[in-house]
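1. give me coordinates for this.
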Amino acid sequence: MSAARVHGRRVQRGATRRRRGYAAASAGLALVMVIGPQPTLAQEPGDPLLLEEVLASIEATYPPLLGARIERDVLEGRLRTARGLFDLDLFGSAKGTPDGYYEYTTVEAGVAQFLGIWGATVYGGYRRTTGEELPAYYAQRTRADGEATVGVSVPVLQGGWTDPARTEIRRAEIDLRGAEPYVRRQRLDFVRAGTVAYFKWLAAGQKLQYARDLLRLATERTAALDDLVGAGLQAEIVLVDNRRLVVAREIAVLDAERVFQAAAVALSLFFRDPQGAPVTPTESRLPPGFPDPGSEPVYEAESGLALALAQRPELERLRLTVERTEAELGLARNGLLPRLDASVETTRAWGERLYSDRPTAELRAGLSFKLPLQQRKARGKVQEVSGKLEQARWALQFAEDGVAADVRTALVALEAARGQVARAELNVELALELEEAERARFGAGSSDLLDLQIREQVTFDARAKAAEASLEYFTAIAAYRAAVAAPPTGGIEEG
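-> Residues are numbered from 1 along each chain as shown. As a prediction, the model looks like this:
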């Protein structure tokens, strides 16, 4: 048996062992595509890099995701600002006429608290006026020791059940609820991008290994051909052609190394050390192969669509937009009401009674009314916000239709990719069988080197296409998971 034939069988047995051995080593990698990443122990630099480690790195150290989480702090600050409406206000003033016909000084201080109950505000304070005796038309006159006032003001119609300040609080609360779906949307995008980058790196590594296997065949055949040419059993041109083939395949290896390095750098954006610095994974961290596609469940359109409509964060944000606009419409409609404010207050005075018309205790009440007759501002605001609400509802409906299309498109791509993987694996098996047969014919002298080169190249192409098919398949899984908004730490429940 020729050296070339022996070598060919050895290469085929090695390939078979790799195909049989990768399933167990990649079981965890296949599982993470179904149930998402789970906390794992740190791996040694030489251990296979699994998808779960990349996704854990995204969750812990990916700068855009960390930045997205700060959005909640921003919105909490906005809500705190809006709630300043309920701050207890302390007020005070001092005024008078130090040099004039009536020389006096009035000092006043107090507190006011907005209650939020039908727009009511309670207040209380103390006022004292000192100096010369003042005529009756000076409203700030007090007895010798001053007077205390306690009262409440209530907007009866406009500003009663809502007002701009309370509506702003409502908007801020709704916006804060939107922080969670915003972060989830960012996480879904980053997880999908990181997953695709990981499998591109894995596919590039597989192709690099296949290119090196192809080069090794030509390199090891050179020694055997040299012996055959020396024995006069092969023409020297065959040896020269094989050396040319070695050079051509060396070029292919260099190109595959370039592609692999580029994929590793792209992956380093998502794979980082605990300090957040990008880590470029080396060949030593390549897993034995892609996960077994047979471990994936069969996804269904109806259950996936129901999951997407319930969990897609952009739909939740649009629903919150509708709710926010409804709150604004309530404020606009409240603006159509007349401004009717009521107030009640009581006073208590102390000290020497300097003025006979100033009693010890007094109860005061008042009403104020205002209504723009044309109400153009209020009606225009209602018209504007009503239009925005209709826009928001149509946007939500269209987004739901888009989500349904996303799920169906992702499912079609997933099923097509699954079929391509099966056919690509069959293509590799047939190519290996034909290559082995051609190598046997070459060893027996019934075939030439060109035919064997063609068979080897066909096998390489079949393996490369199989890697691309696997890449497309797991990319399709990532797209489907993003389409149904599957949580990174949980599975996809399928019927």
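2. run through the bridge partners of residue 130.
-> Going by DSSP bridges, residue 130 is paired in beta bridges with residue 105.
3. isn't it right up against residue 102?
-> No. The criterion here is Cβ atoms under 8 Å, and residue 130 misses it with residue 102 at 12.0 Å. To be clear about C-beta, it is placed using only N, CA and C from the backbone, and glycine gets the same treatment.
4. so where's the stretch 1-150 of the chain shaky on pLDDT?
-> Residues of the stretch 1-150 of the chain meeting the criterion pLDDT under 70: 1-46, 136-137.
5. over to stretch 308-315 now: how far is its first residue from its last?
-> 9 Å (Cα to Cα, to the nearest Å).
6. which helix in the chain has the most residues?
-> helix 376-443 (DSSP state H).
7. following that helix, which helix or strand shows up next?
-> Helices and strands here follow DSSP states H and E; after helix 376-443, the next one along the chain is helix 449-483.
8. list the buried residues for that next one?
-> By 16 or more other Cβ atoms under 10 Å, the buried positions in helix 449-483 come out as 449, 452-453, 455-460, 462-483.
9. how about the contacts made by residue 317?
-> 178, 181-182, 185 (Cβ atoms under 8 Å, 6 or more residues apart in numbering).
10. tell me the secondary structure for it?
-> helix (DSSP: H, G, I helix; E, B strand; the rest coil).
11. repeat for residue 281
-> Here residue 281 is recorded as coil under three-state DSSP.
12. pLDDT score for residue 243?
-> For residue 243, the model assigns a pLDDT of 91.
13. returning to what we had before: the longest helix of the chain versus helix 449-483: what angle between them?
-> Interaxial angle of helix 376-443 relative to helix 449-483 (axes from the mean of the first three to the mean of the last three Cα atoms, to 10 degrees): 160 degrees.
14. so what secondary structure elements neighbour helix 376-443?
-> When contacts are defined as 3 or more Cβ pairs under 8 Å, 6 or more residues apart in numbering; DSSP states H and E, helix 376-443 packs onto helix 3-25, helix 301-311, helix 313-334, helix 449-483.
15. among those helices, which is nearest residue 160?
-> Minimum separation from residue 160 across the helices and strands packed on helix 376-443 (Cβ to Cβ) falls at helix 313-334, 7.6 Å.
16. and that closest one, what's its mean pLDDT?
-> Computed over helix 313-334, the average pLDDT equals 96.
17. tell me the buried residues in that helix?
-> 313-325, 327-329, 331-332, 334.
18. and residue 151, what does it touch?
-> Neighbour list for residue 151: 122-124, 343-346, 364 [criterion: Cβ under 8 Å, 6+ apart].
19. and if we set it to 7 Å?
-> Neighbouring residues of residue 151 by Cβ atoms under 7 Å, 6 or more residues apart in numbering: 123, 343-346.
20. give me the phi and psi for it.
-> When quoted as degrees, to the nearest 10, the phi and psi of residue 151 stand at phi -160, psi 180.
21. likewise for the one 10 residues further on?
-> When quoted as degrees, to the nearest 10, the phi and psi of residue 161 stand at phi -80, psi -10.
22. quick check: it vs residue 170, distance?
-> Going from residue 161 to residue 170 by Cβ to Cβ, to the nearest Å gives 12 Å.
23. neighbour count winner among the two?
-> Neighbour count, other Cβ atoms under 10 Å: between residue 161 and residue 170, residue 170 has more, with 19 against 14.
24. host element of the more buried one?
-> Here residue 170 is assigned to helix 164-177, by DSSP H and E.
25. show me what that helix is packed against.
-> Judged by 3 or more Cβ pairs under 7 Å, 6 or more residues apart in numbering; DSSP states H and E, helix 164-177 is in contact with helix 63-82, helix 313-334.
26. beyond the first one, next helix or strand please.
-> Proceeding N to C from helix 63-82, the next assigned helix or strand is strand 89-97, under DSSP H and E.
27. that next one pairs with which strands?
-> Counting by DSSP bridges, strand 89-97 is paired with strand 104-114 (antiparallel).
28. and residue 143, its phi and psi?
-> Dihedral angles of residue 143 (phi, psi; degrees, to the nearest 10) stand at phi -70, psi 180.
29. now do the spatially closest residue to residue 278 that is not a sequence neighbour, the pLDDT please.
-> Closest residue in space to residue 278, ignoring its immediate chain neighbours: residue 268 at 3.9 Å, by Cβ to Cβ, 6 or more residues apart in numbering. pLDDT, the model's per-residue confidence, is 96 for residue 268.
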